[in-house]
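Student: Turn this into a model:
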Amino acid sequence: MNATGTYLAIFLGSKNGQRRAAWDALPESERRAKEQEGIAAWRAWAEAHQSAIVAMGGPLGSTKRVSQSGLSDVSNQLGAFTVVRAGSHEAAARMFEKHPHFTIFPGDAIEVMPVLAIPAG
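Tutor: Numbering: from 1, shown residues only. This is a model prediction of the structure:
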């Protein structure tokens, strides 16, 4: 159970997928226009959900993996994150329906998961 009412949204996108390839193939002027459209739509989404946003988050850069073996550079599909509050998991997920991440930008999906309380042990 998510007693905190807090949800982490992870924005996913393949760097090698068809959507990204089509985006990269756009003429620069067209891509820049789509970027401006997407940024405006993202801001409008943030404004519409302002009261639910705990942390706007932002784009994610390159990844370093830390394990028992040490440090390594890795690639994954994680593109950005946002933290929201909602009354239910479904309500949190519904906030991201038709999000510009995948309706304008070449993102693939947004995964929304509850942030659980740390066990008291």
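Student: Tell me, how many residues neighbour the nearest residue to M95 once chain neighbours are set aside?
Tutor: Leaving aside its sequence neighbours, M95 sits nearest to H49 (C-beta to C-beta, 6 or more residues apart in numbering; 5.5 Å). To be clear about C-beta, it is placed using only N, CA and C from the backbone, and glycine gets the same treatment. Neighbour count for H49, taken as other C-beta atoms under 10 Å: 15.
Student: The one 3 residues further on too?
Tutor: The number of residues packed near A52 is 17, by other C-beta under 10 Å.
Student: wait, isn't it in contact with G87?
Tutor: No - the pair A52 / G87 is not scored as a contact, 9.7 Å apart, by C-beta atoms under 8 Å.
Student: mind checking the SS state of the closest residue to V74 other than its chain neighbours?
Tutor: Among residues not flanking V74 along the chain, R65 sits closest, at 4.6 Å (C-beta to C-beta, 6+ apart). Following DSSP: H, G, I helix; E, B strand; the rest coil, the label given to R65 is strand.
Student: Over to A93: give its phi and psi.
Tutor: For A93, the backbone dihedrals (degrees, to the nearest 10) come out as phi -60, psi -40.
Student: Contacts for the biggest helix by length in the chain, please.
Tutor: Longest helix in the chain by number of residues (criterion: DSSP state H): helix 28-48. With contact meaning C-beta atoms under 8 Å, 6 or more residues apart in numbering, helix 28-48 is reached by W23, D24, L26, I53, M56, H99, P100, H101, T103, I104, F105.
Student: for the first one, what are its contacts?
Tutor: What it means is W23. So W23 contacts R31, K34, F105, P106 (C-beta under 8 Å, 6+ apart).
Student: Fine, thanks again, bye for now.
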